[in-house]
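1. structure of the sequence below:
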Amino acid sequence: MAAKCAYVEKVGAVYYVRKRVPRAWQGHITGEVLRLSLGTKERAQAIKWGLEALAVFEDLLGMAPEDALKHLTLRLIEEQLVEPANMSGADLVRRRALGSVGGKIIRRAREELGLGQHLDAIYQELVYFNQATVQGEALYAEKPGEDASSGAQHKLDVSSFDRLFDTLGAAARTKAAPAAVTATPTPSPSAPAPASSTGGGPVYTLRYLMDDYLARNGKNTGSDNRSNIERAVKLFEDLRPEVRTLGVPDIPLAVWDELYEFAQLIPQMRGRATPDNLVTFTRRMQASGDNYPKLGATTLNSNYLGAITRLVRHGNRRRMYTFQAPSLVVSEKRRASRSSGKAPFSAEEIAAITNCAVYAGSVSRHRRYRPGSVVLSDDHIYWAPLISMHTGMRVTEIGMLRFEQMQTWFGRPTLVLELEDAETDGGVEGYKTGNAIRRIPIHPQLEQIGFLQFWERQKGLGYDRLFPDWTQHRKGSKDGQAEIHFEADFFNAHRLKWNVPPHRSAKLTFHSFRGFFIQACHDAGIDAYTILKWVGHDEETERSTNSVHRGYMAKDLTAEEVAAIGRTTVPLGAAFERQT
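-> Numbers count the residues shown, from 1 in each chain. Coordinates of the predicted model:
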């Protein structure tokens, strides 16, 4: 089972790395997300190369403009030491990321720092740097064994860099340009030295990481935790013997996936000692049949897969390497049943949800659910629940909203949900059923709390979709066609922080907003056919109509049906009292 990776996404056949633009740089960089092609179709390779680009983005854009310019200058000096013929795939990705963000740093420095001609020399060096990168890409793309001329190399003149450092008040640079070398951490005296690879570099195997981790954290590690880590490493080595000699960053993705799948087959051994070879014992149990009690997800995440994850993170913290292993977390599988998953919110629960920290005020964008004084009304976390409870729209229908879908109908703003040409290219389908193609009036209360102003703001910024930063996924297939899908984890994974009652949290999801809207329509005495035309599909309402009358739903809304949505009552919390 291939695990998800937050910073890598697949677009077509090629993988891209993505990074949200830090707040301090928003407005100075087009868009809110940086994307860079990794030039590979291999997922394992994309994860490794993506870390190179991600490190550049986080390093340079995590600084103020002046510090970022100093650091960029040093990075350009270091990177010029790499000959195009010697550039690896990871080197090329890192250089493309540096070239991309370098131009943005120089542009902002020119606007804000007033350095004038000092920046011209730095910009020219960036041009030479990008030319060398292009040359390196051409050489890298050639088949093994083919010789390519490296061409004339640009000789780096660092005198202009020194003048820039003097202008910025930076510390004097040493005469010799620093080489781009990764420092090897000094291991704990009680931990064995890592083995050497054929290239002479250290190999940080899982067993070396375990010894180093226990030697450094042994005082705070109980005997149970130590046993869990040792058992997990031995399990992995018995399962795949090559892990004994492979460095952690060199372990193939298929091997990580095999560990993930195999761990879920380990039998429960309550009251019995763990066998010396757990792999052999598990396979013997499998040979007798698959119907035996297995370890639960909590035990696996803590004692086996979680132990391996802790060792990988330890290597990152110790600067032994820069590597992010695939997620090894086993799902708890506590999904609501089919019937309970459709439970609607009550009016009291809607009022409580709309008074949570998202609407009343939170600490920051990264601490959205912690009460504070900041109200961020510019993304899907704020608006998606409000849209669904006022219109009954599904989560994917909201995520797919585009500006051409807003139409005036009988003097009122409405949303027309239909497949756009841009979404159908390549056989991609987004909406759930044919019934999802419909017209929905905008609730007057949604207008009062600023939805139309938000719509026009996003449109004015030049976005293609209303929520451009809401990541879309391709889900399953339908008649051979992939479907666009949007996750509602921002709500479902934090239901208690949205003020959903704990005793009902297992029965309520984002889809429950749709159930609330349908119930609110019935409570307002709205005609069943009108409700069907708004929501597209509703089993309870559909049972009260017959097949003869369903042709009525194919007609567009009348003036009375557009106005009827104002009769539904959506109780908002105290956070909206000053807006409604």
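
2. quick check: which ranges of the stretch 251-400 of the chain have low pLDDT?
-> Low-confidence segments of the stretch 251-400 of the chain (pLDDT under 70): 271, 324, 331-342.

3. if you set the cut-off to 90 instead, what comes out?
-> Counting by pLDDT under 90, the low-confidence segments of the stretch 251-400 of the chain come to 251-264, 267-279, 281, 283-343, 365-367, 396.

4. now for the nearest residue to residue 510 once chain neighbours are set aside, how many residues are close by?
-> The spatially closest residue to residue 510, leaving aside those adjacent along the chain, is residue 488, at 3.7 Å (C-beta to C-beta, 6 or more residues apart in numbering). C-beta: built from backbone N, CA, C; applies to glycine. Taking other C-beta atoms under 10 Å as the neighbour definition, residue 488 ends up with a count of 20.

5. what sits against residue 488?
-> Residues in contact with residue 488, defined by C-beta atoms under 8 Å, 6 or more residues apart in numbering, are 384, 395, 509-511.

6. repeat for residue 382
-> Each residue near residue 382 by C-beta under 8 Å, 6+ apart is listed here: 358-359, 376.

7. now the element after the helix or strand hosting it, going C-ward?
-> Element membership for residue 382, per DSSP states H and E: helix 380-391. Under the assignment DSSP H and E, the closest C-terminal helix or strand after helix 380-391 is helix 395-399.

8. which element follows that following helix toward the C-terminus?
-> strand 406-409.

9. what's that next one packed up against?
-> Taking 3 or more C-beta pairs under 8 Å, 6 or more residues apart in numbering; DSSP states H and E as contact, the helices and strands that strand 406-409 lies on are strand 412-417, strand 438-441.

10. pull up the pairing partners for the shortest one, direction included.
-> In the sheet containing strand 438-441, the strands it pairs with under DSSP bridges are strand 412-417 (antiparallel).

11. and the partner strand, what's buried?
-> Residues of strand 412-417 classed as buried by neighbour count (16 or more other C-beta atoms under 10 Å): 412-415, 417.

12. hmm, back to that, which of the contacts of residue 382 are buried?
-> With neighbours counted by 16+ other C-beta under 10 Å, the contacts of residue 382 contain buried members at 358-359.

13. out of the contacts of residue 382, the closest to residue 315 would be?
-> Residue 315 lies nearest to residue 376 out of these, by C-beta to C-beta, at 35.8 Å.

14. hang on, residue 85 packs against residue 137?
-> No. Applying C-beta atoms under 8 Å, one finds residue 85 not in contact with residue 137, separated by 11.7 Å.

15. whichever helix or strand residue 131 is part of packs against which elements?
-> Secondary structure assigned from DSSP H and E places residue 131 in helix 118-141. Contact partners of helix 118-141 among helices and strands, from 3+ C-beta pairs under 8 Å, 6+ apart: helix 65-79, helix 89-112, helix 159-168.

16. of those, which approaches residue 304 most closely?
-> Of these, nearest to residue 304 by C-beta to C-beta is helix 89-112, at 30.5 Å.

17. now the closest one, how far from the centre of its chain.
-> Averaged C-alpha coordinates place helix 89-112 at 22 Å from its chain's average position (C-alpha atoms, centre = their mean, to the nearest Å).

18. elements contacting that helix?
-> Contacts of helix 89-112 with other secondary structure elements, assessed using 3+ C-beta pairs under 8 Å, 6+ apart, are made with strand 33-37, helix 43-60, helix 65-79, helix 118-141.

19. so how far is the first residue of stretch 485-497 from its last?
-> Across its full length, stretch 485-497 reaches 24 Å between end residues, using C-alpha to C-alpha, to the nearest Å.

20. CSV for the helices and strands packed on strand 406-409, including mean pLDDT?
-> CSV is the format used below for the helices and strands packed on strand 406-409 (pLDDT from 0 to 100):
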stretch, mean pLDDT
strand 412-417, 91
strand 438-441, 90
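
21. I'd like the helices and strands packed on helix 118-141 as CSV, with distance to residue 18, mean pLDDT and mean neighbour count appended.
-> As requested, these are exported to CSV (distance: least, C-beta to C-beta, whole Å; pLDDT from 0 to 100; neighbours: other C-beta atoms under 10 Å):
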stretch, distance to residue 18, mean pLDDT, mean neighbour count
helix 65-79, 20, 79, 19
helix 89-112, 12, 82, 20
helix 159-168, 31, 52, 16
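
22. for those, which one sits closest to residue 275?
-> helix 89-112 (40.8 Å).

23. report the angle between the axes of that closest one and helix 43-60?
-> In this structure, helix 89-112 runs at an angle of 30 degrees to helix 43-60, with axes from the mean of the first three to the mean of the last three C-alpha atoms, to 10 degrees as the basis.

24. give me the nearest residue to residue 444, chain neighbours excluded.
-> With C-beta to C-beta, 6+ apart as the criterion, residue 444 has its nearest non-adjacent residue at 4.9 Å, and that residue is residue 566.

25. check the one you found and give its pLDDT.
-> The confidence metric pLDDT takes the value 94 at residue 566.

26. and what about it, helix, strand or coil?
-> Each residue gets one of three states, and residue 566 gets helix by DSSP: H, G, I helix; E, B strand; the rest coil.

27. test my guess that it contacts residue 442.
-> No. Using C-beta under 8 Å, residue 566 makes no contact with residue 442, being 10.0 Å away.

28. can you give me the buried ones in the helix holding residue 131?
-> Of the residues in helix 118-141, those scored as buried under the neighbour-count criterion (16+ other C-beta under 10 Å) are 118-119, 121-122, 125-126, 129-130, 132-133, 135-137, 139-140.
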